[in-house]
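Visitor: need a 3D model of the following:
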Amino acid sequence: MQKIKLLMLIFWLVFLGACTATGPIYKPHNKNNDNNAIIYIYRYQDPSLIGGGELVDVPYIYVNDQKLSRLRLLGYSVYETEPGPVRISVRLPIIGIPANTLLEYDLLAKPGQSYYLSLNYFDTTDYIRVLMNQVPDDKAKQQLKSLRLQ
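Guide: Numbering: from 1, shown residues only. Have a look, this model is predicted:
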């Protein structure tokens, strides 16, 4: 019985490690140009919640139709941009190729501003619900402290 419990623990550790971000812990991005805006996109979600883990595959994040990164659970990506309109797309891959656009989020980036966007999705028996919300600076910085760069 002890061997089975140990094997189950090892399985869960490996499984969670494969589903969550593994890069360096969060640190604020140093701007290349003080006039630019910084956009942080992150997944801070309790993996014990229904739909808290990965679906079929890890979603891709695109900014203005350029691939930024894949965004694993408990991970974040950062994007520096000139002021102006920004379109963020979340795409779910099919057989490893980003195909299905799950969400598009438009933002008007202002000079020198930082934006914090939290991505969450929940799968139910009938559909997938994808949410991206702009999070207040203080709350986002608190959540980002434990996240890892993608």
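Visitor: how about low-confidence regions in the protein?
Guide: Applying pLDDT under 70 to the chain flags the ranges 1-19, 46-57, 96, 98, 122-128.
Visitor: dihedrals phi and psi, Q143?
Guide: Phi and psi for Q143, reported as degrees, to the nearest 10, are phi -70, psi -40.
Visitor: what about it, how many residues close to it?
Guide: The tally of other residues near Q143 (other C-beta atoms under 10 Å) stands at 20. In this view, the C-beta of every residue, glycine as well, is placed from N, C-alpha and C.
Visitor: now L68
Guide: 18.
Visitor: ditto for P93
Guide: Counted with other C-beta under 10 Å, P93 comes out at 15.
Visitor: from memory it sits against L102, does it?
Guide: No. Using C-beta atoms under 8 Å, P93 is not in contact with L102; the gap is 10.8 Å.
Visitor: which residues do the two both contact?
Guide: Taking C-beta atoms under 8 Å, 6 or more residues apart in numbering as the contact rule, P93 and L102 both touch P59.
Visitor: now tell me what touches the longest strand seen in the chain from outside.
Guide: Longest strand in the chain, counting residues (DSSP state E): strand 97-109. Here strand 97-109 makes contact (C-beta under 8 Å, 6+ apart) with 37, 39, 59-60, 62, 67, 81-94, 115, 117, 119, 121, 128, 130-132, 134.
Visitor: how about a cut-off of 7 Å?
Guide: Strand 97-109 has contacts (C-beta atoms under 7 Å, 6 or more residues apart in numbering) with 37, 59-60, 81, 83-94, 115, 117, 128, 130, 132.
Visitor: in what helix or strand does S146 lie?
Guide: Following DSSP states H and E, one finds S146 outside all helices and strands.
Visitor: where do the helices sit along the chain?
Guide: Counting by DSSP state H, the chain has helices at residues 2-19, 137-144.
Visitor: still on that earlier bit, tell me how far the longest strand of the chain is from the chain's mean position?
Guide: Its chain's C-alpha centre and that of strand 97-109 lie 12 Å apart, by C-alpha atoms, centre = their mean, to the nearest Å.
Visitor: report the buried residues of it.
Guide: The neighbour-count check on strand 97-109 (16 or more other C-beta atoms under 10 Å) flags P98, L102, L103, Y105, L107, A109 as buried.
Visitor: kindly report the same for stretch 29-48.
Guide: For stretch 29-48, by 16+ other C-beta under 10 Å, it's N36, A37, I38, I39, Y40, I41, Y42, R43, Y44, Q45.
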